[in-house]
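> Need coordinates for the below:
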Amino acid sequence: MGEFDAIDALLAAAKQEIPLPPAAERRSLREELNLSRAQLAKAMGVGASTVGGWESGRDPSGEVREKYAYFLEGARTKLDAAAAAEAPADDPGPGDDGPAEADQAVGTDDDDVLPAPRPCVLCGQPARHQVEGFPQHLDPAECGTAGPAQPAKPTPRTEPRQPAPAGRQSRAASDVKDVKVVPVGRRVQAASDTPDLIGSAVAAALAQHAGDVEAATAALVKRAIPDAMALLDDTRKGGRYDIVAHPWLPDILRKQTARGADQIWEARPKWTRPELPTGRHEVTALDINGAYLSALKTHLPIGRLEHSTGNHHDRRRAGVHLITPPAWDHDACLPNPIGNRDEPGPLWVTEPTLRLLLRVSGPKYGLCDPPEIHESWTSGATESLLEKFRVALKDARDRAIAEDDDVTLEYVKQMYSKFVSTLGESNYNRELYRTDWMHLIRSQAFVNLWWKAHRAYDEGLMVVRAMGTDELHVTGDWRAVFPEGRGVTEVKVKDVYTVGTGPDQPPQPPESPS
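Okay, here's the model as predicted:
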């Protein structure tokens, strides 16, 4: 029989999956207890976006499923108990005679019997009962009023005055200050009570490493991804839209091979002006600050992408589009909006790239023909989906620059750059899987750089080079066009060098940055 021992042990250890209520009920149970996703996620040991996935229909497994089922059952029990406690005490139960018996008991409740007779408010004669606090005969035959009973004006009771409704309260402006509030789920809280997750994390890391800046920075960089997701969840509280964290994606957004790429073209620029006028030119390489941070403000699809065909663009939606790009005849002075592409024919581009092409082909600029759209994968979209997240990171970055805080500055940079780079097929971010967002945010950064190149050209500068997300080389008085500084709306100098020579002049080596 020994050969069956392993099977017996397997059967003994086997467990049936605990059933879970429908997705809508899961969310309802949590919200009725006024619990946020972040609170439940912390107790469960997962991310808030994971809880959002469970409430959208995905099921956990293993020990996590048991813990989640335990929470849901406990939440249901707690809500049922609260509902029972709030039920009116005089509600007729099964077998009661209902309202008739309740009516008969009005005059016999001990609470309505006076300890000593008091003058009736109607006739002035002694009465043994009271109604709503006023002595009164319950039997009209006992009341000494002549004719129809006329209620006398009762003596006012000396009870505490109830506060007036908030909208009617009068106040002195000097005595009361308004409290700014922000939404937190279905509730609100004072804006001053909003936690500073970035500042708290930096302070804790510095304290843990006894003020060692390098060690604290290294520790913060390691946790940049989960901390960015926690910040995203915190900034999404009270948001108008629920993020679909793990939607189904079409094959064009999936890698074609294990180490390959998908089919989306991000239009990354790698452009150099083919010719310069004769002479010696001083070129300044400008660094565009916070390129990915600024690109978080872009039109992002909220839900699952849906397929459509036809040469039509709906500005209320966003996604990826198969287009035939137009010919570009300005490569001598401006980079092509779709970047450096050698192959002709249709290609899949993102929403920012398509919008750029539609804009520059319009009557205001007229730089090319409109692109031809063949098919699209899109969803309803909004430009403000990540706006609170972006502003929180930007504000922290601004404070770090003002206070010369290199720890926070590097931490914030790692948060937004790794957030973008791990949205796709990554082993480092399991809470949010939006390959479409990753492509859209990246290409928005490229679009922002293109517009800076166009602005430089439009203002009379000579554009020499545009690369990646944040590098623009120009000649001329660039400070008259772009503000210099470290803010996200400013640029800083990366390099200054000379190109070209005059008669009998040797080539000049690159100069060091000023």
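
> Am I right that Trp375 sits in a helix?
Let me fix one detail, which is that residue 375 is Glu and not Trp. No: per DSSP: H, G, I helix; E, B strand; the rest coil, Glu375 lies outside any helix segment and is strand.

> Would you mind listing where this structure has pLDDT under the threshold?
Judged by pLDDT under 70, the chain has its weakly predicted residues at 1-3, 9-16, 85-112, 121-123, 131-134, 137-194, 502-514.

> Kindly recompute the last result at 50.
By pLDDT under 50, the weakly predicted segments of the chain are 89-111, 145-176, 185-186, 504-514.

> separation between the spatially most central residue of it and His313?
Centroid-nearest residue in the chain: Arg236, 3.4 Å away (criterion: Cα atoms, centre = their mean). With distances taken as Cβ to Cβ, to the nearest Å, Arg236 is found 28 Å from His313. Placement of C-beta: from N, CA and C, glycine included.

> Could you give the separation of stretch 53-71 from the chain centroid?
For stretch 53-71, the separation from the chain centroid amounts to 23 Å (computed by Cα atoms, centre = their mean, to the nearest Å).

> what sits up against that stretch?
17-20, 23, 26-27, 30, 37, 40, 43-46, 50, 242, 244-246 (Cβ atoms under 8 Å, 6 or more residues apart in numbering).

> who are the neighbours in contact with Trp450?
By Cβ under 8 Å, 6+ apart, Trp450 lies in contact with 269, 335, 337, 356, 466.

> okay, among those residues, which ones form the most distant pair?
The largest separation in those, counting by Cβ to Cβ, is between Leu356 and Ala466 at 13.5 Å.

> Which stretches in the stretch 401-514 of the chain count as strands?
For the stretch 401-514 of the chain, strands defined by DSSP state E, counting those that start in this stretch occupy the ranges 462-467, 471-475, 491-499.

> which residues are contacting stretch 272-283?
331-333, 462-465, 473-475, 496-502, 505, 508.

> Make a PyMOL selection of the buried ones in the residues you listed.
Entered in PyMOL, the line below selects the buried ones among these, by 16 or more other Cβ atoms under 10 Å:
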select buried, resi 462+463+464+465+473+474+475+497+498+499
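
> The closest residue to Ala318 other than its chain neighbours and Thr298, how far apart?
The spatial neighbour of Ala318 that comes closest, neighbours along the chain excluded (Cβ to Cβ, 6 or more residues apart in numbering), is Ala381 at 3.4 Å. According to Cβ to Cβ, Ala381 and Thr298 sit 9 Å apart.

> Kindly report the same for Trp328.
23 Å.

> got the residue ranges for the helices in the chain?
For the chain, the helices defined by DSSP state H occupy 5-13, 23-32, 37-44, 48-54, 62-86, 99-104, 197-208, 213-222, 224-235, 291-295, 351-360, 387-402, 406-421, 435-458.

> Ok, which of these comes nearest Ile302?
Closest approach to Ile302 among the helices of the chain (Cβ to Cβ): helix 435-458, 10.4 Å.

> list the buried ones in that closest one?
Quick answer for helix 435-458 (16+ other Cβ under 10 Å): 435-450, 452-454, 456.

> same question, stretch 422-435
Residues of stretch 422-435 classed as buried by neighbour count (16+ other Cβ under 10 Å): 422-424, 429-435.

> cool, and stretch 27-34?
Across stretch 27-34, burial judged by 16+ other Cβ under 10 Å covers 27-30.

> ok so, going back, rebuild the strands of the stretch 401-514 of the chain as a markdown table, extending it with distance to Pro117.
As requested, the strands of the stretch 401-514 of the chain are exported to a markdown table (distance: least, Cβ to Cβ, whole Å):
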| stretch | distance to Pro117 |
| --- | --- |
| strand 462-467 | 98 |
| strand 471-475 | 96 |
| strand 491-499 | 92 |
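
> for those, which one sits closest to Ala216?
Counting by Cβ to Cβ, Ala216 lies closest to strand 491-499 out of those; the figure is 25.3 Å.

> and stretch 237-255, how far out from the chain's middle?
Distance, stretch centre to chain centre, for stretch 237-255: 13 Å (Cα atoms, centre = their mean).

> what residues does that stretch touch?
Contacts with stretch 237-255, where a contact means Cβ under 8 Å, 6+ apart, come from 36, 38, 49-50, 52-53, 56, 58, 182-185, 236, 261-264, 302-305, 307, 320, 348, 377, 382, 385, 388, 425, 431-436, 439.

> Would you mind measuring the gap between the ends of it?
33 Å (Cα to Cα, to the nearest Å).

> Ok, stretch 274-287 next?
Counting by Cα to Cα, you get 22 Å between the two ends of stretch 274-287.

> got the buried residues for it?
For stretch 274-287, by 16+ other Cβ under 10 Å, it's 281, 283-287.

> And the contacts of stretch 408-417?
Residues from elsewhere that reach stretch 408-417, judged by Cβ under 8 Å, 6+ apart: 198-199, 201-202, 217, 220-221, 224-225, 227-228, 231, 290, 292-293, 296, 390, 393, 396-397, 399-401.

> From those, list the buried ones, please.
Among the contacts of stretch 408-417, those classed as buried by 16+ other Cβ under 10 Å are 198, 201-202, 217, 220-221, 224-225, 227-228, 231, 290, 292-293, 296, 390, 393, 396-397, 399-401.

> for the closest residue to Ala48 other than its chain neighbours, what are its contacts?
Residue nearest to Ala48 in three dimensions, not counting chain neighbours: Asp233, with 3.7 Å by Cβ to Cβ, 6+ apart. By Cβ under 8 Å, 6+ apart, the contact set of Asp233 is 37-38, 41, 47-49.

> what's the distance between Asp233 and Val202?
From Asp233 to Val202 the distance is 19 Å (Cβ to Cβ).

> Equivalent analysis for Asp436, please.
Asp436 is 32 Å from Val202, by Cβ to Cβ.

> re earlier: could I get the contacting residues of the residue nearest to Ala318?
299-302, 316-319, 351.

> beta partners of it?
For Ala381, the beta-bridge partners under DSSP bridges are Pro301.

> can you start the count at 285 instead of 1 from here on
Will do, 285 is the new start, and the previous item becomes Ala665.

> For Asp598, see how far away it is.
Computed as Cβ to Cβ, the Ala665 to Asp598 distance reads 9 Å.

> What of Arg726?
From Arg726 to Asp598 the distance is 22 Å (Cβ to Cβ).

> One more: Val780?
45 Å.

> now do Asp761
Distance, Asp761 to Asp598, using Cβ to Cβ: 42 Å.

> swap in Ser320?
Taken as Cβ to Cβ, the span from Ser320 to Asp598 is 33 Å.

> which one of the two has more residues nearby?
Ser320 (21 against 12; other Cβ atoms under 10 Å).

> gap between the two ends of stretch 739-755?
With Cα to Cα, one end of stretch 739-755 sits 14 Å from the other.

> Can you pull out the residues in contact with it?
By Cβ under 8 Å, 6+ apart, stretch 739-755 touches 552-557, 560, 565, 567, 569-573, 575-576, 579, 617-619, 726, 729-730, 732-734, 737, 756-762, 764-766, 778, 783.

> Let's see that with 7 Å instead.
By Cβ atoms under 7 Å, 6 or more residues apart in numbering, the surrounding residues in contact with stretch 739-755 are 552-557, 567, 569, 571-572, 575-576, 617-619, 729-730, 733, 737, 756-760, 762, 765, 778.
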